[in-house]
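Undergrad: here is my input, please return the structure:
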Amino acid sequence: MKGKKVWGPAVVILVFFLGVLSGDLFVDRPTAQANVVYEKLKIFGDVLSAVQISYVEEPDMDKLVEGAIKGMLQTLDPHSSYLTPDMLKQVEIETKGVFGGLGIEIGIKDGILTIIAPIEDTPAFRAGLQAGDRIMKIEDDFTKDMTVMDAVKRLRGEPGTSVKIWIAREGLAELAPFTITRDIIKIRSVKAKDLGEGIGYVRLLQFQQDTTAELEKALQSQVKEKGELRGLVLDLRNNPGGLLDQAVKVADTFIDSGLIVYTDGRIEAQKYKYTAHRKGTYGGFPIVILVNAGSASASEIVAGALQDHQRAVVLGTQTFGKGSVQTILPLEDGSALRLTTARYFTPKGRSIQAKGIEPDIVVRDGREPREGHPGAIREKDIQHHLKGEGEEETGEPTGGKTPPAEGKRMKKEEPEKGKSGRQPAAPALEGKKGEEKDIQLERAVDLLKGWEIFKSRFLDKAKAS
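TA: Now for the predicted structure:
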């Protein structure tokens with residue numbers, strides 16, 4: 001045994017600590033269940049000790065423990081992860097919509113690192129990367145068994161530096177190399193334009209810290225120009241989500257009262273309901289919301305709330321289906337856990353998880369990947385996704401659950417902290433401007449114009465009589 005160090009005391013201390021921790025977590029549970037947890041922790045300690053004593057080379061204990069934590073979280077769902085101090089900093093930066101990198105949404109599909117979509121007007125978009133492209137190598141390292149967070153860490157970097165990735169694409173016989181120069185990725189949260197005849201258009205690219213304020217500016221500008229809005233197209237296509245509080249405030253902008261969304265988890269602290277307020281509400285005009293497979297998380301909250309309140313007509317294709325809450329739990333060393341703690345439900349109790357929001361009017365635009373295409377990724381297609389209601393039993397998400405009673409007191413849940421690791425929300429690739437007609441937008445405008453005609457000819461006449 002010469003030359004080998006034994007970490008016996010450290011292992012004993014670690015196992016004792018974990019044993020105490022498990023006692024805290026399971027204090028209100030049956031003793032038998034607590035004993036099972038303790039036995040599993042003892043096995044973990046035995047494995048750690050065996051590796052430390054018998055492995056061919058002296059292992060790095062910090063890496064072993066960190067690897068164990070990562071492996072544990074990977075068995076849960078694709079949105080739960082371990083964040084090193086550097087990763088946690090990146091998550092906080094993302095909520096501001098500015099970071100250095102390539103500009104792609106990535107996730108794991110069929111065990112392979114896959115591009116969900118390039119973000120518009122970014123290096124990845126300009127380089128020609130496509131939804132469904134599989135990243136097989138980053139520089140000289142194969143991505144097999146690489147986590148999304150690890151991949152993000154490798155792909156990001158200082159603006160002006162380059163990274164080489166190797167892509168497998170449907171229709172290509174060999175891997176295609178792409179050398180892409182990193183740049184500052186600054187994502188504008190809100191874009192707006194005038195569609196004519198009193199109809200406004202607002203596109204939300206993602207939910208950042210300034211989204212609600214930017215939305216207010218856009219609406220005020222359009223109201224000032226038109227005198228009043230006769231209709232609004234709210235475009236949430238390819239919006240992968242973001243901050244929960246911003247989603248609630250955006251929905252509150254158009255709903256004057258009632259429930260917007262509620263969360264439900266295992267413990268009371270994970271149960272909370274968000275309600276609308278009359279002050280500052282924009283009403284008196286119809287709204288059409290555009291969605292597609294890339295509309296995820298916060299986008300689905302807004303679409304579901306306005307749909308349930310009959311405040312808007314939802315048009316497009318079924319959304320992504322990410323209906324889970326992630327809470328950032330800081331740890332003593334500056335790292336953190338990003339842990340899925342609850343599910344989202346619409347005002348009428350519909351579960352979003354692994355199902356998404358079904359549009360009132362289904363319109364496909366021909367630019368997003370069809371079902372079955374590698375780029376057509378939804379939450380239900382991602383490995384280890386959190387099951388939707390009824391999915392475990394039947395394979396398909398079904399039903400919802402009754403919303404909490406208005407008088408029920410619920411503790412506030414922490415808002416979701418952005419899209420750490422580029423969470424696998426699945427925006428489909430949009431075509432470049434001018435390439436194709438936007439069929440979904442045209443249908444939305446026609447619907448709003450048709451409503452004005454119907455209103456003037458029938459409803460106003462009925463009121464007069």
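Undergrad: spit out the contact partners of Ala247.
TA: With CB atoms under 8 Å, 6 or more residues apart in numbering as the criterion, the residues that contact Ala247 are 207, 241, 261, 297-299, 301-302. The way it works is simple: take the backbone N, C-alpha and C, and place the C-beta from them, glycine included.
Undergrad: actually, Lys109.
TA: 374, 377, 381-383 are the contacts of Lys109 under CB under 8 Å, 6+ apart.
Undergrad: tell me how far it lies from Asp145.
TA: For Lys109, the distance to Asp145 under the criterion CB to CB, to the nearest Å works out to 14 Å.
Undergrad: which elements pack onto the longest strand anywhere in the chain?
TA: If you go by DSSP state E, the chain has its longest strand at strand 336-345. Under the contact definition 3 or more CB pairs under 8 Å, 6 or more residues apart in numbering; DSSP states H and E, strand 336-345 sits against strand 81-83, strand 259-265, strand 324-330.
Undergrad: low-confidence ranges, the stretch 101-250 of the chain, go.
TA: Per-residue confidence of the stretch 101-250 of the chain (counting by pLDDT under 70) places no residue in a weak region.
Undergrad: find the nearest non-adjacent residue to Lys191, please.
TA: What sits nearest to Lys191 in space, not counting adjacent residues and going by CB to CB, 6 or more residues apart in numbering, is Arg203, at 4.5 Å.
Undergrad: what strands line up against the helix or strand containing that neighbour, and which way round?
TA: Using DSSP states H and E, Arg203 maps to strand 199-204. In the sheet containing strand 199-204, the strands it pairs with under DSSP bridges are strand 190-194 (antiparallel), strand 231-235 (parallel).
Undergrad: in CSV, list the C-alpha atoms belonging to the first one.
TA: Yep, that's strand 190-194 we're talking about. Presented in CSV, the C-alpha positions along strand 190-194 are these (Å, rounded to 0.1, in the frame of the first residue of the first chain):
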residue,chain,number,x,y,z
VAL,A,190,-39.3,43.3,-27.7
LYS,A,191,-39.8,44.2,-31.4
ALA,A,192,-42.8,46.1,-32.6
LYS,A,193,-44.2,47.4,-35.9
ASP,A,194,-47.4,48.8,-37.4
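Undergrad: how far off centre is that strand?
TA: What separates the centre of strand 190-194 from the centre of its chain is 23 Å, taken as CA atoms, centre = their mean, to the nearest Å.
Undergrad: OK, contacts around the spatially closest residue to Leu195 that is not a sequence neighbour?
TA: Distance criterion CB to CB, 6+ apart; nearest residue to Leu195, sequence neighbours excluded, is Tyr201 at 5.0 Å. Shown in contact with Tyr201 (CB under 8 Å, 6+ apart): 192-195, 232-233, 235, 441.
Undergrad: what of Thr341?
TA: Counted by CB under 8 Å, 6+ apart, Thr341 has contacts 265, 270, 325-327, 413.
Undergrad: repeat that with 10 Å
TA: For Thr341, the contacting residues are 80, 263, 265-267, 269-270, 324-327, 329, 413-414, 416, taking CB atoms under 10 Å, 6 or more residues apart in numbering as the criterion.
Undergrad: who wins for neighbours among the residues you listed?
TA: Neighbour counts for the contacts of Thr341 (other CB atoms under 10 Å) peak at Glu416, which has 30 neighbours.
Undergrad: report pLDDT for that residue.
TA: Taken from the predicted model, the pLDDT recorded for Glu416 is 38.
Undergrad: what's the closest of the helices and strands packed on strand 336-345 to Gln52?
TA: Gln52 sits nearest to strand 81-83 of all the helices and strands packed on strand 336-345, at 20.9 Å, using CB to CB.
Undergrad: in this structure, which spans are helices?
TA: Counting by DSSP state H, the chain forms helices over residues 8-25, 31-54, 61-74, 85-94, 123-127, 148-155, 211-226, 244-254, 298-308, 391-394, 439-454, 460-464, given from the N-terminal end onward.
Undergrad: what comes up buried for stretch 171-183?
TA: In terms of neighbour count (16 or more other CB atoms under 10 Å), stretch 171-183 has its buried residues at 178, 180, 182-183.
Undergrad: which members of those residues occur in strands, if any?
TA: Using DSSP E, 178, 180, 183 are the members of those that sit in strands.
Undergrad: neighbours of Asp140, just the number please.
TA: Residue crowding around Asp140 was assessed by other CB under 10 Å; the count is 7.
Undergrad: nope, Arg311 is what I meant
TA: Neighbouring residues of Arg311 were enumerated by other CB under 10 Å; the total is 18.
Undergrad: and the one 10 residues further on, by the same measure?
TA: Summarising burial for Gly321: neighbours were counted as other CB under 10 Å, giving 28.
Undergrad: thought it was touching Gly356?
TA: Yes - taking CB atoms under 10 Å as the contact criterion, Gly321 and Gly356 are neighbours in contact, 3.7 Å apart.
Undergrad: common neighbours of these two, please.
TA: Contact with both Gly321 and Gly356 is made by residues 293, 295-296, 300, 378-380, 388, 397, according to CB under 10 Å, 6+ apart.
Undergrad: reformat the helices and strands packed on strand 336-345 as CSV; add distance to Thr122.
TA: Putting those into CSV (distance: least, CB to CB, whole Å) gives the following:
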stretch, distance to Thr122
strand 81-83, 23
strand 259-265, 30
strand 324-330, 24
